[in-house]
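1. Dropping a prediction and its sequence here:
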There are 2 protein chains.
Amino acid sequence: MAKSGHESKVKLLNAATRVVRTKGYNAARVDDVCAEAGVTKGSFFHHFEGKEDLMLAAVTHWDEKSRAFFETAPFHAHADPLDRLLAYIDFRKSLIRGDLVDFTCFIGTMAQEVFDTHPAIREACRSSIASHAAAIEPDIEAAMRTHAFRGDWTAASLAMHIQAVNQGAFVLAKAEHGFDAAIMALEHLRRYVELLFERRADVASA
Amino acid sequence: MAKSGHESKVKLLNAATRVVRTKGYNAARVDDVCAEAGVTKGSFFHHFEGKEDLMLAAVTHWDEKSRAFFETAPFHAHADPLDRLLAYIDFRKSLIRGDLVDFTCFIGTMAQEVFDTHPAIREACRSSIASHAAAIEPDIEAAMRTHAFRGDWTAASLAMHIQAVNQGAFVLAKAEHGFDAAIMALEHLRRYVELLFERRADVASA
């Protein structure tokens, strides 16, 4: 594909993400995505069969971009795996700022709407969330090997719980059109991980 | 209003909830809601000005039904406020079963889609989530007065965090079209509350 053809495809994939983040999957029309991308409908149908085909490709594109974004994030610099895990949570918290459209989740928004009506997109969303959870699992496993911890749980389940809190934080941020509840949810999540690994010993009396 | 008029209104409100839970706000057409309710479009427009008016009334109806549902739930029977709080989390966990459409959240689904496009519905969703969080706050406050706890946090923030985990659990349940991740998220949430209040002392060694 010529460079300009590839560029218009990437513009459409990024525009699809932005339009879904703004108003959801069902409200996102092909016309909206073309307008957001500044690309003609003719060009759109050169690249994609239709909306579902576009959105499936947009999930793959989102996964690649977000993997690169998290792989190069500063939390990896810590030598201790528990420090990396806590810094990952702090990093997620630091992303909750600016426009809701810029930090809320393309994948969670789609899963919410299409789980019953578009099985292929739902499966792409499941796979995307599972890969993101899997990316933090090795640090959790390493922290479990090198630190005492409380309770009977698995690295995989904690990795998925962390995704649950992030997804729930996005829903609350959208409902309040603000950051407070989402930030508090991430702070409770950090405290949970600290308590699991006994990093916090401070006890207040009743 | 005559009894039959009231009945068709309630049918429409319940149908609106069900259709949104199945495919989201934007995909839910007035025709779908009428078909689900078994009510004519003429009757619909006797009760509501249009879709947004219906959905705002459906949020109020949902709030009333869910307040009554939670107010009469068995977790209130415990004498100790911390036991009530843990039993509330167990009760939420017990609801994660059967069809996704029956246990996922009408309010969280709408907030996800309409936060930028329908301010009145977004505000109704914010208020609905805030009331539900406020309903569990007195038990958290009472638990903080009567039990030692770790860390510096407020009853209001923990109440909202509990809503975040529930909302995130619903997103994961929809993405996986199953219960495992959602159940695990609620189990981590219970463990967090236990650790905050030092109910769990079990420490595994690395």
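-> Now that the structure is in, tell me what you want to look at. Everything numeric here is computed off the predicted structure, so don't read it as measured data.
2. contacts, neighbours, all on C-alpha from now
-> Noted.
3. what are the ranges of the helices in chain A?
-> For chain A, the helices defined by DSSP state H occupy A:3-23, A:30-37, A:41-47, A:51-71, A:81-94, A:100-103, A:106-114, A:119-146, A:155-176, A:180-196.
4. Any chance of JSON lines for these, columns mean neighbour count and mean pLDDT?
-> Output for these, formatted as JSON lines (neighbours: other Cα atoms under 10 Å in any protein chain shown; pLDDT from 0 to 100):
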{"stretch": "helix A:3-23", "mean neighbour count": "19", "mean pLDDT": "93"}
{"stretch": "helix A:30-37", "mean neighbour count": "18", "mean pLDDT": "98"}
{"stretch": "helix A:41-47", "mean neighbour count": "14", "mean pLDDT": "97"}
{"stretch": "helix A:51-71", "mean neighbour count": "16", "mean pLDDT": "97"}
{"stretch": "helix A:81-94", "mean neighbour count": "19", "mean pLDDT": "98"}
{"stretch": "helix A:100-103", "mean neighbour count": "17", "mean pLDDT": "92"}
{"stretch": "helix A:106-114", "mean neighbour count": "27", "mean pLDDT": "96"}
{"stretch": "helix A:119-146", "mean neighbour count": "19", "mean pLDDT": "97"}
{"stretch": "helix A:155-176", "mean neighbour count": "26", "mean pLDDT": "98"}
{"stretch": "helix A:180-196", "mean neighbour count": "22", "mean pLDDT": "97"}
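5. nearest to chain B, of those helices?
-> Nearest to chain B, of all those, is helix A:155-176, at 3.7 Å by Cα to the nearest Cα.
6. As a markdown table, the helices of chain A with distance to residue B:115 would be great.
-> Formatted as a markdown table, the helices of chain A follow (distance: least, Cα to Cα, whole Å):
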| stretch | distance to residue B:115 |
| --- | --- |
| helix A:3-23 | 8 |
| helix A:30-37 | 18 |
| helix A:41-47 | 28 |
| helix A:51-71 | 21 |
| helix A:81-94 | 20 |
| helix A:100-103 | 9 |
| helix A:106-114 | 11 |
| helix A:119-146 | 21 |
| helix A:155-176 | 6 |
| helix A:180-196 | 15 |
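7. Put together a markdown table for the ones you listed, with distance to chain B on each row.
-> Output for those, formatted as a markdown table (distance: least, Cα to the nearest Cα, whole Å):
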| stretch | distance to chain B |
| --- | --- |
| helix A:3-23 | 5 |
| helix A:30-37 | 14 |
| helix A:41-47 | 23 |
| helix A:51-71 | 13 |
| helix A:81-94 | 13 |
| helix A:100-103 | 9 |
| helix A:106-114 | 5 |
| helix A:119-146 | 5 |
| helix A:155-176 | 4 |
| helix A:180-196 | 5 |
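8. if you skip the residues just before and after it, what's nearest to residue A:87?
-> residue A:75 (5.0 Å; Cα to Cα, 6 or more residues apart in numbering or on different chains).
9. The one you found and residue B:185, how far apart?
-> 24 Å (Cα to Cα, to the nearest Å).
10. what does residue A:40 give?
-> Where residue B:185 is concerned, residue A:40 sits at a distance of 44 Å (Cα to Cα).
11. cool, residue A:132 as well?
-> Going from residue A:132 to residue B:185 by Cα to Cα gives 16 Å.
12. Repeat that for residue A:54.
-> Using Cα to Cα, which is the criterion applied here, residue A:54 is 31 Å from residue B:185.
13. Over to residue A:198?
-> 20 Å.
14. residue contacts, the most centrally placed residue in chain A?
-> Closest residue to the average C-alpha location of chain A: residue A:105 at 5.2 Å, with Cα atoms, centre = their mean. Residue A:105 is in contact with A:21, A:167, A:170, counting by Cα atoms under 8 Å, 6 or more residues apart in numbering or on different chains.
15. Touching, the last one and residue A:102? I think so.
-> No. Between residue A:170 and residue A:102 no contact is recorded; they are 11.1 Å apart, counting by Cα atoms under 8 Å.
16. Next up, phi/psi of residue A:38, please.
-> phi 70, psi 40 (degrees, to the nearest 10).
17. what's the nearest residue to it if we skip its chain neighbours?
-> Nearest to residue A:38 is residue A:11, by Cα to Cα, 6+ apart, at 8.0 Å.
18. And residue A:59, by the same measure?
-> Nearest non-adjacent residue to residue A:59 (Cα to Cα, 6+ apart): residue A:124, at 6.7 Å.
19. is it true that that neighbour touches residue A:57?
-> No. Counting by Cα under 8 Å, residue A:124 sits too far from residue A:57 to count as a contact (9.5 Å).
20. ok, how many other residues are close to residue A:153?
-> Neighbourhood size, residue A:153 [other Cα atoms under 10 Å in any protein chain shown]: 14.
21. What's the separation between it and chain B?
-> Per Cα to the nearest Cα, to the nearest Å, residue A:153 is found 8 Å from chain B.
22. Distance of that residue relative to residue B:95?
-> 22 Å.
23. again, but for residue A:116
-> Residue A:116 sits 19 Å away from residue B:95, taking Cα to Cα as the criterion.
24. Comparing the two, which residue is more hemmed in?
-> Using other Cα under 10 Å, the more surrounded residue of residue A:116 and residue B:95 is residue A:116, with 18 against 12.
25. Just list the residues touching the more buried one, thanks.
-> With Cα under 8 Å, 6+ apart as the criterion, the residues that contact residue A:116 are B:22, B:23.
26. hmm, try it at 10 Å
-> With contact taken as Cα atoms under 10 Å, 6 or more residues apart in numbering or on different chains, residue A:116 is in contact with A:122, B:21, B:22, B:23, B:100, B:101, B:174, B:175, B:177.
27. Would you check that residue A:187 makes contact with residue A:93?
-> Yes. With contact defined as Cα atoms under 10 Å, residue A:187 counts as touching residue A:93 (8.0 Å).
28. what do these two both touch?
-> Shared contacts of residue A:187 and residue A:93, defined by Cα under 10 Å, 6+ apart, are absent.
29. what about residue A:103, distance to residue A:114?
-> Distance, residue A:103 to residue A:114, using Cα to Cα: 21 Å.
30. what's the burial count for residue A:99?
-> Other residues near residue A:99 come to 11 when the count uses other Cα under 10 Å.
31. ok, now which ones touch it?
-> A:177, A:178, A:179.
32. quick one: contacts for the first one?
-> Taking Cα under 10 Å, 6+ apart as the contact definition, residue A:177 lies against A:99, A:100, A:170, A:171, B:111, B:115, B:116, B:119, B:122, B:123, B:126.
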